[in-house]
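Student: Below are the sequence and a predicted model for it; my questions follow.
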Amino acid sequence: MLKSIQLKLLKVKNSGDSVGRDIRVEIEVLGKFLRIDKRIESGTTTEINREVGRFETDRGLFQADVLITVIEKDLLFNDVGNTKNNIKISTIATKPQQFVFEVRVRESRSIFGKFWGTKTAIFEITLEAEASDAIKYVPDEGDGWLKVVLEDKYSEESLPAYLKVKIERTDTKREYFTILEGPHRGRPASVILQDDGSSQFITGIKHEPMIRAQYSISQKTFILKGKKYKTTDYPETPWEKGLYDIEIPDAPHKGGENYLSQSKRAKTWFRIGHDGERYLHAGGFSLGCITVIEANRWTEIYNNLIKARKGDFMSVGVLEVVD
Amino acid sequence: MIRPGKILIAGAIVAAVLAILFYLLPQREDEDIDQTANIPGQPIISWQKIKITEERKNVLIDITVPRIIIGSSYNLDSEINKAITWRVDLLKSEFISGVTTAAYDNGETNTLNVDTEILLMTPRLISLAFTSTQHLAGSKDKDPERMFLVFDLVNGELLKEGNELFRDDLAWSEAVKAMKMALLADYQGDPNCDLFFAPKHNGFAASCIGVDWNRGGKHLSLTGDISMSMIQEFLAPSVLSDIVQ
């Protein structure tokens, strides 16, 4: 399983001799680079908690070289020290793993080729790595929709339950990800972290095989896994016999709000086919949709469809329309 | 011997009794015939302004909403006001869940404004429009959304799809199609929206809320008025008389 490793600079401790307090720390790991400038007094520790980078692997052990440079910035003389080490991160471990590196920075001053300065500061750099599934899913909570921000438009959108996303990075407040399915597939988005700093997304979800459902025009019934559901349609725009894809839900439909007391998922409609406005949904009347009038049974249909996938990144299954 | 004066007084009393009976009897008949006997009197509207602030999430909500008082029926009052509260709660919940997407560090306040308008109030129907305008910090503002609530006072129920307003289901579907076409007539793009409507004086108010996939799934909210001439032929007679009165 693809794992995502988030490597963070957790804290910096300034100990040993005092060579100054204006500190720059640079960290480079597999082409990812973090530079921070902080005022860190000698004898103190400063929490940083900034992401160095996120790495993906499908192996149980992730190894990488880490180059850390610490610079004490002076007007005339910068004092520099660095270290290069290798880190081994278990991708199986569920708890954060810490790595502590020591960088010695010696006061080094020279004029006309003459050097002096004997003080050496010791910087303790703590990195923290956390492995998690790179692929996560929208939880099925509330009304079944999660509000996110599309980062390319700065607009608020809603994603349906169990939609697959790939986590790209996290900051102190938000998680940034790419949407992997549905009409917003490939787009960058972000969502706020929960109050305790954990992700809103869930892991360990396995999508189910595509669903096969039937709609009988003459009987006005929707048939799913052997169960029949009463529906209504609109005689002026009759359904034609054939196979139609049932799409992953596109957006919450306010038209379902009146049925929320019968099904908490009434705002989730599944589009039939890949264009137009014909949906499978709970309701009372139809203008061309397949409207399930047994609205109190809608959650049952929803539960069968929402986790199923056809494999085209757009559909949950196929609807066969018969006589 | 009976005096003529007494005869006159007795005659006057009999005439008065007959006159009273004559006046009352037709009144009773009217009551029996008139099906609006159970229809309550003119409701009293009490407007409420509600302000909600939450500093931690930088939220400010302003709601103007009516409280309907129908003296003759406490249950009816309760049902209507419950429906109004339900509608406002939906708007509030939607906004609060949207606040999680807002920028947290740009100093802007997340605001929701809900304005309610009474579109129609007859002994049979109360029709309300709720216009919600929101701003989420750091996000582009969506167009205001207009949702409706129509309450049938005679049957004491909230209308879900509004089909009761029309002659029959076919008339409902024809009217809905016509209203949606009218709202989208000048819209350029690929609209995918749900239609909402409610009767008002001499017509209907309508909105279509959804997304436009030609514009990357951009939020879509169109509102407008539907003229009487467009829907008149589809309306149930009782609703027609309510709207044009």
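Tutor: Everything's here; your move. Numbering: from 1, shown residues only, chains lettered A, B, ... in the order given.

Student: State the helix or strand in which the spatially closest residue to B:His201 that is not a sequence neighbour lies.
Tutor: Leaving aside its chain neighbours, B:His201 sits nearest to B:Leu120 (6.1 Å; criterion: C-beta to C-beta, 6 or more residues apart in numbering or on different chains). Every residue, glycine included, has its C-beta placed from N, CA and C. Using DSSP states H and E, B:Leu120 maps to strand B:110-121.

Student: what do you get for A:Glu300?
Tutor: With DSSP H and E as criterion, A:Glu300 is part of helix A:298-305.

Student: packing partners for the following helix or strand past that helix?
Tutor: Sequence-wise, the next helix or strand downstream of helix A:298-305 (DSSP H and E) is strand A:308-309. For strand A:308-309, the packing partners by 3 or more C-beta pairs under 8 Å, 6 or more residues apart in numbering or on different chains; DSSP states H and E come out as strand A:208-209, strand A:315-322.

Student: Once you drop chain neighbours, what's closest to A:Phe62?
Tutor: That would be A:Ile89: by C-beta to C-beta, 6+ apart, it lies 4.4 Å from A:Phe62.

Student: tally of neighbours for the one you found?
Tutor: 20 (other C-beta atoms under 10 Å in any protein chain shown).

Student: residue contacts, it?
Tutor: Listed by C-beta atoms under 8 Å, 6 or more residues apart in numbering or on different chains, the contact partners of A:Ile89 are A:5, A:7, A:61-64, A:97, A:129, A:131.

Student: Which of those fall in helices?
Tutor: Under the assignment DSSP state H, these contribute nothing to helices.

Student: And those residues, which of them are buried?
Tutor: Neighbour counting over these (16 or more other C-beta atoms under 10 Å in any protein chain shown) leaves A:5, A:7, A:62, A:64, A:97, A:129, A:131 as the buried ones.

Student: Does the residue of the stretch 151-300 of chain A found nearest chain B belong to a helix, a strand or coil?
Tutor: Residue nearest to chain B within the stretch 151-300 of chain A: A:Gly255 (3.5 Å; C-beta to the nearest C-beta). Classification of A:Gly255 by DSSP: H, G, I helix; E, B strand; the rest coil places it in helix.

Student: doesn't A:Gly283 make contact with it?
Tutor: Yes: applying C-beta atoms under 8 Å as the test, A:Gly255 and A:Gly283 come out as touching, 7.0 Å apart.

Student: ok, so what distance separates B:Trp172 from A:Pro188?
Tutor: 43 Å (C-beta to C-beta, to the nearest Å).

Student: got the residues of the stretch 101-250 of chain A near chain B?
Tutor: A:142, A:147-150, A:153-157, A:173, A:183-184, A:187, A:191-192, A:234, A:236, A:250 (C-beta under 8 Å from any C-beta of the partner chain).

Student: related to what we said a few turns ago, identify the bridge partners of the nearest residue in space to the residue of the stretch 151-300 of chain A closest to chain B that is not next to it in sequence.
Tutor: The spatially closest residue to A:Gly255, leaving aside those adjacent along the chain, is B:Asp194, at 3.5 Å (C-beta to C-beta, 6+ apart). Beta bridges link B:Asp194 to B:Ile209, judged by DSSP bridges.

Student: What is the neighbour count of B:Asp194?
Tutor: 18.

Student: And the one 10 residues further on, by the same measure?
Tutor: Taking other C-beta under 10 Å as the criterion, the count of residues near B:Phe204 is 26.

Student: quick one, what contacts the spatially most central residue of chain A?
Tutor: Compute the mean C-alpha point of chain A, and by C-alpha atoms, centre = their mean the closest residue is A:Ile167, 3.6 Å away. Contact analysis of A:Ile167 by C-beta under 8 Å, 6+ apart lists A:4, A:54, A:132, A:134-136, A:175-177, A:199, A:201.
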